[in-house]
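Peer 1: Here is a sequence together with a model predicted from it:
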Amino acid sequence: MSALIVEGGRPLSGTVRVHGAKNSALPILAAAILAPGTSVIHNCPPLSDVTASLEILRHLGCRVTQEGTTVTVDATAPVRWDVPHALMREMRSSVIFLGAILGRMGEADLSFPGGCELGPRPIDLHLKAIRTLGGEIEERGGRLYCRGALKGREVIFARPSVGATENAMLAAVAAPGTTILCNAAREPEIVDLQGFLTAMGASVRGAGTSMVVIEGGRPLHGGEYTVMGDRIVACTYLAAAAAAGGEVTVTGVDPRHISTVTSVLAEAGCRVVSQRDAVCLSSDAPLFGSRPIHTAPYPGFPTDAQPPLMAALCKGKGTTLFVENIFESRYRHVDELARMGADIRVEGRVAVVCGVPELHGAAVEAADLRGGAALVVAALAAEGRSVITGLKHLDRGYWHLEEALGELGAQITRGGAEEESEPSASVGR
């Protein structure tokens, strides 16, 4: 069994650049099928979720190559509109292919998606949006059968949903007429998708606000685009530096996208300096408790940053209240943090973190992507050795995590869990 072996208690120092945003790359890859041509996508990290998306594109009949972080998709002649269950179950975001396939092929046949188990994450808003645009959807035997001629219309979301907004954008680009998405999600990744669609010749405006307008049915062509930096990876590195101590500069991220997180870290006692595309954080004293943290859609506090920040606040002084408003099962990392000495009490959607003087190394297992990041943050702050398993979750959203942290001075290696009793060594890239 693969594991990360961390010798904690060492401060971090240096500069690290974040890789491309997983949550931008996935809808952009789905969008590539809309245009009968070749698209080139830069800064596309070779994560397991990205690999799953590329396999879906290949199955549909696209020619796909990947060299480093550049992906080329030739969608000149897709021949299929179905996605097998084995590919859909690899990631939750696979449902994003619904709007793109239906828009290009006129029909789509997909199973319900997989991914991390974070509680109910219904795709009802996705399906309602597609139906509003004229798609006919039949749910049968765990599969979605979709067909119909799409037409631009007004789509009103009952609540902001990133995935549903993106799916509706992808379908609306192929729907003749004007589509207006009301109460749309405002995340930066949606702005990134708009940028790629525009590069393909689509008319999309308003991304980043609650109203997105698409003039659909325009001829599209392949586009070239660079994916934005991953703001959640940036938050993870900053949380690691806050927890372990030291001074770290994270580059390749827009500080405005993570201001709700950096403000909490500053309140907890870190020194934070924002630059044009970088954030520098230094921490040399125990962290303090913060004001209550309520996760919310952007521009609120991101749910994906909650686990690593919680891990950082476990060691220090004071108390912090977390209220998780997005996912019901977002506290699966709490029991594992408790193995390391954390004092966290959970009641429903509320978690109370009471800072403790020390954390200690332990054998822990990641149950989901961001929970795994929380365990890495805590292990870096803990005294002694931690062995973290469940790396398939981490690998969905973090590329070369151990190498990046190793360059900052962390003593972290990837190996078999049986290597727990062997000495660890620093890792460089």
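Peer 2: That came in fine, so what should we check first?
Peer 1: Just give the closest residue to Val83, not the sequence neighbours.
Peer 2: Nearest-residue entry for Val83: Leu110, 4.8 Å, with adjacent residues in sequence omitted and distances by CB to CB, 6 or more residues apart in numbering. Every C-beta, even on glycine, is put in place using the N, C-alpha and C of the backbone.
Peer 1: and the one you found, what pLDDT?
Peer 2: You'll see Leu110 listed with a pLDDT of 92.
Peer 1: Let me see the contact set for it.
Peer 2: Leu110 is in contact with Asp82, Val83, Met88, Ser94, Val95, Phe97, Leu98, Ile101, Arg143, Leu144, Cys146, counting by CB atoms under 8 Å, 6 or more residues apart in numbering.
Peer 1: Quick check: bridge partners of it?
Peer 2: Judged by DSSP bridges, the bridge partners of Leu110 are Val83, Leu144.
Peer 1: Which of the contacts of Leu110 are buried? Put it as a PyMOL command.
Peer 2: To isolate the buried subset of the contacts of Leu110 in PyMOL, counting by 16 or more other CB atoms under 10 Å, use the following:
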select buried, resi 82+83+88+94+95+97+98+101+144+146
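Peer 1: Could you dump the contacts of Leu110 into a markdown table and include distance to Val73?
Peer 2: Listed next are the contacts of Leu110 as a markdown table, based on distance: CB to CB, whole Å:
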| residue | distance to Val73 |
| --- | --- |
| Asp82 | 18 |
| Val83 | 16 |
| Met88 | 19 |
| Ser94 | 16 |
| Val95 | 19 |
| Phe97 | 13 |
| Leu98 | 18 |
| Ile101 | 14 |
| Arg143 | 25 |
| Leu144 | 23 |
| Cys146 | 22 |
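Peer 1: Tell me the buried residues in the least confident helix or strand in the chain by mean pLDDT?
Peer 2: Every helix and strand in the chain was compared by mean pLDDT, DSSP states H and E; the lowest is helix 85-88, with a mean of 87. Residues of helix 85-88 classed as buried by neighbour count (16+ other CB under 10 Å): Leu87, Met88.
Peer 1: just stretch 362-371 next, same as before
Peer 2: Ala362, Val364, Glu365, Ala366, Ala367, Asp368, Leu369, Arg370, Gly371.
Peer 1: Of the residues you listed, which is the nearest to Lys151?
Peer 2: Lys151 lies nearest to Leu369 out of the buried residues of stretch 362-371, by CB to CB, at 37.0 Å.
Peer 1: thinking the closest one is in contact with Gly397, fair?
Peer 2: Yes: using CB atoms under 8 Å, Leu369 is in contact with Gly397, at 4.8 Å.
Peer 1: tell me, what's touching the two both at once?
Peer 2: With CB under 8 Å, 6+ apart, Leu369 and Gly397 have no common neighbours.
Peer 1: show me the contacts for Ala363.
Peer 2: Applying CB under 8 Å, 6+ apart to Ala363 gives the contacts Arg339, Ser386, Val387, Thr389, Ala417, Glu420.
Peer 1: picking that back up, may I have the helix or strand just after the least confident helix or strand of the chain exported as CSV, CA atoms only?
Peer 2: Using DSSP states H and E, the helix or strand that follows helix 85-88 towards the C-terminus is helix 97-105. Below are the C-alpha coordinates for helix 97-105, written out as CSV (Å, rounded to 0.1, in the frame of the first residue of the first chain):
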residue,chain,number,x,y,z
PHE,A,97,-19.5,16.0,-20.1
LEU,A,98,-23.3,15.9,-20.2
GLY,A,99,-23.8,19.4,-21.6
ALA,A,100,-20.8,19.2,-24.0
ILE,A,101,-21.7,15.8,-25.5
LEU,A,102,-25.4,16.7,-25.9
GLY,A,103,-24.4,20.0,-27.4
ARG,A,104,-22.1,18.5,-30.0
MET,A,105,-23.7,15.2,-30.8
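Peer 1: which helices and strands sit right next to helix 97-105?
Peer 2: Under the contact definition 3 or more CB pairs under 8 Å, 6 or more residues apart in numbering; DSSP states H and E, helix 97-105 sits against helix 22-31, strand 107-111, helix 124-132, strand 143-147, helix 162-173.
Peer 1: could you dump the ones you listed to CSV with distance to Gly68?
Peer 2: Below are those laid out as CSV (distance: least, CB to CB, whole Å):
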stretch, distance to Gly68
helix 22-31, 14
strand 107-111, 30
helix 124-132, 32
strand 143-147, 34
helix 162-173, 25
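Peer 1: Those: which one's closest to Ala75?
Peer 2: In terms of CB to CB, the element of these nearest to Ala75 is helix 22-31, at 9.7 Å.
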